[in-house]
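Visitor: quick one, structure for this:
(2 chains)
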Amino acid sequence: MKMDIAVELCGMKMANPTILASGIMGVSAGSLGRMAQGGAGAVTVKSISMEEREGHSSPVMFSFGDVFMNAVGYSNPGARQACIEFEDIKKIGVPVIGSVIGTKPEDFAEVIHALKDVPFDAIEVPLSCPHTPGFGLLAGQGTPEATTEITKIVRKSTRLPVIVKLSPASPNIMGVAKAAEKAGADAINMGNTHGPGMLIDIESAKPVMGFKVGGLSGPAINAMAVRCVYDLYESVKIPIIGTGGITYGRDAIAMLMAGASSLGIGTAVYYRGLDAFEKISGEMKAWLEKKGYSSVKEIIGAAHEG
Amino acid sequence: MRDDYPKTLEIKDIRDEAKGFYTIFLPNILQGFNPGQFVMLWQPGVDEKPFGISYFGKDKIGITFEVKGRFTKRLSQMKKGDIVGIRGPYGNGFPEPGKGCVIVGGGCGIAPLAPMAAKSASLIIGARSSDLLLFRKRFPDAVFVTDDGSFGRKGFVTAALSDIIESGKNISAVYCCGPEIMMQKVMELCRKNSIKCYISAERYMKCGFGVCGQCMCGDNVVCMDGPVFDADDMLGNPDFNSSARLKSGRKVPLAEYYAYRTK
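Guide: Numbers count the residues shown, from 1 in each chain, chains lettered A, B, ... in the order given. Predicted coordinates for the structure are as follows:
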């Protein structure tokens, strides 16, 4: 029997459940194209603000063991330039999610308006970055109140599906998720990097990260991400993108069993290469076939009782 | 699991190579190295940038750089015993040079080619003028070319390469690194004469290991697919010798990118 791993998220048809997470290889149409070639079911652009941003000084990313740390600081060419960069984005052949950031709630509407001619398939708002002043957690966007306000404005600004990306470090994930759902979000991305954390070089007595602290991703945070998705599955009705440390097919399967219906994949590009998506999908498919499933959809939420 | 964070080391020596060009020497902690690969060099608390390896020995490596902006200016003022960090090597490097390999380096572009110089049949080193010419003592047999004729042959490296081609010598491949306009001319000359050519490209880099997407040149990820490219791939690349991205990711004409790099 032909094993079917295609899924649909908010009307977006994907050949497999993997989605390139925002911030990885999302600078240009060319880099996103490479991710599609590498097997991504959908891709997300690097987050776009109204104005051009250089981001933090380097190092902005590095790894040690199972931990990957980054603090890029939302470098991006700004919304007007992004319109030129991504005008031919349909060419890459998979759904493209536009990630949009702002410091004030109105900023999100302004950026979405500026990007109105870019043929995105959905809009994602990450209210959860742990390491960029003015945005995400450092701007208080990760509370139920702020999430409600921003999601409502985003909802009014676009007809595209709206995805709200949450932080696993939030003390009230369920409250924030429910607020997003109530304010009109079509899906939850659970979630962003963990931490932030810090690595200190003892020879120079300096933090290694240019911004001193960075968000944690990679295999080390996978168990926390799975727990967040598991909890969320019982709290919200909208679909969940499970993101955090998925590196191998077995991690992808566990995340689906926790209740995710699609998978955000970023740091695996580092651990497994530019074709990480193809590898993870292949491993997932092989396991599902061995177990006699006919569709990947059969295992979504399987770890929950009843 | 991989470890890709900067390992800090004491500078063993710093050498004045030419006007505005220096080499810092560090203990060799690289696990394997292919000439043409690069490392990310960290100045603790300042910034981190990619550099080629210009000297590769069992105990030490050398990084030759031109003072351009804040980072390299600060680096040039460092002293023996000061601490920097490196991670890598990254990228692909050049294929093993066969007999009859001609190396062409312009400006600081000779740096990543230098570890292979002993294996080359001919070595061409170019610069704008004699005071900017690298490795005159290190490679006394090289063909030196200056734009103004203040040392060696007057003109461009392509003329020196043309002479070797026309002499009828068997050239197995040309390895080239330098300003993109120079590499473009060398690639075109090689194509016209059906000679295999590899060039080393440079773009603003952040991660060095194929994650951030910053160093895209057309559809090529310079840090992973390159930095060494077959000329056949680069001659059709829409960004090569044309445009590059600033730190923000904004694509600009190459001249604007070069000006930005001197900040």
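Visitor: up against chain B, what does the stretch 151-300 of chain A have?
Guide: A:199, A:201, A:203-204, A:206-208, A:210, A:219, A:267, A:269-271, A:273-274 (C-beta under 8 Å from any C-beta of the partner chain). Every C-beta, even on glycine, is put in place using the N, C-alpha and C of the backbone.
Visitor: count of neighbours near A:Gly266?
Guide: Neighbourhood size, A:Gly266 [other C-beta atoms under 10 Å in any protein chain shown]: 26.
Visitor: can you read off the pLDDT for the closest residue in space to it that isn't next to it in sequence?
Guide: In space, and not counting its chain neighbours, A:Gly266 is closest to A:Ala21: 3.5 Å by C-beta to C-beta, 6 or more residues apart in numbering or on different chains. What the model reports as pLDDT for A:Ala21 is 98.
Visitor: now swap in B:Arg2 and tell me
Guide: pLDDT, B:Arg2: 80.
Visitor: who's in contact with A:Cys228?
Guide: Contact partners of A:Cys228, counting by C-beta atoms under 8 Å, 6 or more residues apart in numbering or on different chains, are A:166, A:168, A:173, A:190-191, A:244.
Visitor: returning to that earlier point: inside strands: which ones of the residues of the stretch 151-300 of chain A next to chain B?
Guide: Members of those lying in strands (criterion: DSSP state E): A:201, A:206-207.
Visitor: which of those residues sits closest to A:Met3?
Guide: Using C-beta to C-beta, A:Pro207 comes nearest to A:Met3 of those, at 46.5 Å.
Visitor: drop anything exposed from the residues of the stretch 151-300 of chain A next to chain B.
Guide: A:199, A:201, A:204, A:206-208, A:210, A:219, A:267, A:269-271, A:274 (16 or more other C-beta atoms under 10 Å in any protein chain shown).
Visitor: reformat those residues as TSV; add pLDDT.
Guide: Converted to TSV, these look like this (pLDDT from 0 to 100):
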residue	pLDDT
A:Leu199	97
A:Asp201	97
A:Ser204	97
A:Lys206	98
A:Pro207	98
A:Val208	98
A:Gly210	97
A:Pro219	97
A:Thr267	97
A:Val269	97
A:Tyr270	97
A:Tyr271	96
A:Leu274	96
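Visitor: which two of these have the greatest separation?
Guide: Most distant of those, by C-beta to C-beta, are A:Ser204 and A:Leu274, 32.6 Å apart.
Visitor: roughly how far does the residue nearest to A:Gly266 sit from B:Gln43?
Guide: 30 Å (C-beta to C-beta, to the nearest Å).
Visitor: skipping adjacent residues, who's closest to A:Leu20 in space?
Guide: For A:Leu20, the spatially nearest residue (C-beta to C-beta, 6+ apart) is A:Val43, at 4.0 Å.
Visitor: name the next helix or strand following the helix or strand containing that neighbour along the chain.
Guide: Following DSSP states H and E, one finds A:Val43 within strand A:42-44. Next helix or strand after strand A:42-44 toward the C-terminus (DSSP H and E): strand A:61-64.
Visitor: tell me who's in contact with residue 4.
Guide: This is for chain A. A:294-296.
Visitor: I was thinking of chain B, sorry if that wasn't clear
Guide: Contacts of B:Asp4 (C-beta under 8 Å, 6+ apart): A:62-64, A:270, B:87, B:208-209.
Visitor: which one of those residues is nearest B:Arg250?
Guide: Out of the contacts of B:Asp4, the member with the shortest distance to B:Arg250 (by C-beta to C-beta) is B:Gly208, at 20.5 Å.
Visitor: who has more neighbours, A:Ala21 and B:Gln43?
Guide: In this view A:Ala21 and B:Gln43 are compared by other C-beta under 10 Å, and A:Ala21 has more residues nearby, 31 against 22.
Visitor: my guess is the more buried one contacts A:Leu263. True?
Guide: No. In this structure, A:Ala21 is not within contact of A:Leu263 by C-beta atoms under 8 Å, at 9.2 Å.
Visitor: mind listing the shared neighbours of these two?
Guide: With C-beta under 8 Å, 6+ apart as the test, A:Ala21 and A:Leu263 both reach A:Thr243.
Visitor: so of the contacts of A:Asp4, which ones are in helices?
Guide: Among those, DSSP state H puts none in helices.
Visitor: now do the helices in chain B.
Guide: So, for chain B - with DSSP H - the helices run B:70-76, B:157-166, B:180-192, B:222-225, B:231-234, B:254-261.
Visitor: return the most buried member of the ones you listed.
Guide: The highest mean neighbour count among the helices of chain B, using mean count of other C-beta atoms under 10 Å in any protein chain shown, belongs to helix B:222-225: a mean of 23.
Visitor: contact partners for A:Lys297?
Guide: Counting by C-beta under 8 Å, 6+ apart, the residues that A:Lys297 touches are A:7, A:261.
Visitor: tell me who's in contact with B:Leu75.
Guide: B:22, B:24, B:41, B:43, B:65, B:67, B:84.
Visitor: keep only those residues that also lie close to chain A.
Guide: Restricting the contacts of B:Leu75 to those near chain A - C-beta under 8 Å from any C-beta - leaves none.
Visitor: just send the residues you listed back as JSON lines, with distance to B:Ser242 and pLDDT too.
Guide: Output for these, formatted as JSON lines (distance: C-beta to C-beta, whole Å; pLDDT from 0 to 100):
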{"residue": "B:Tyr22", "distance to B:Ser242": "30", "pLDDT": "98"}
{"residue": "B:Ile24", "distance to B:Ser242": "32", "pLDDT": "98"}
{"residue": "B:Leu41", "distance to B:Ser242": "27", "pLDDT": "98"}
{"residue": "B:Gln43", "distance to B:Ser242": "31", "pLDDT": "98"}
{"residue": "B:Phe65", "distance to B:Ser242": "25", "pLDDT": "98"}
{"residue": "B:Val67", "distance to B:Ser242": "26", "pLDDT": "97"}
{"residue": "B:Val84", "distance to B:Ser242": "33", "pLDDT": "98"}
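Visitor: which one of these is nearest B:Ala114?
Guide: Relative to B:Ala114, and with distances defined as C-beta to C-beta, the nearest of these is B:Phe65, at 12.8 Å.
Visitor: correct me, but the closest one touches B:Ile53?
Guide: No. The criterion here is C-beta under 8 Å, and B:Phe65 misses it with B:Ile53 at 11.3 Å.
Visitor: between those two, which one's more packed in?
Guide: Neighbour count, other C-beta under 10 Å: between B:Phe65 and B:Ile53, B:Ile53 has more, with 27 against 22.
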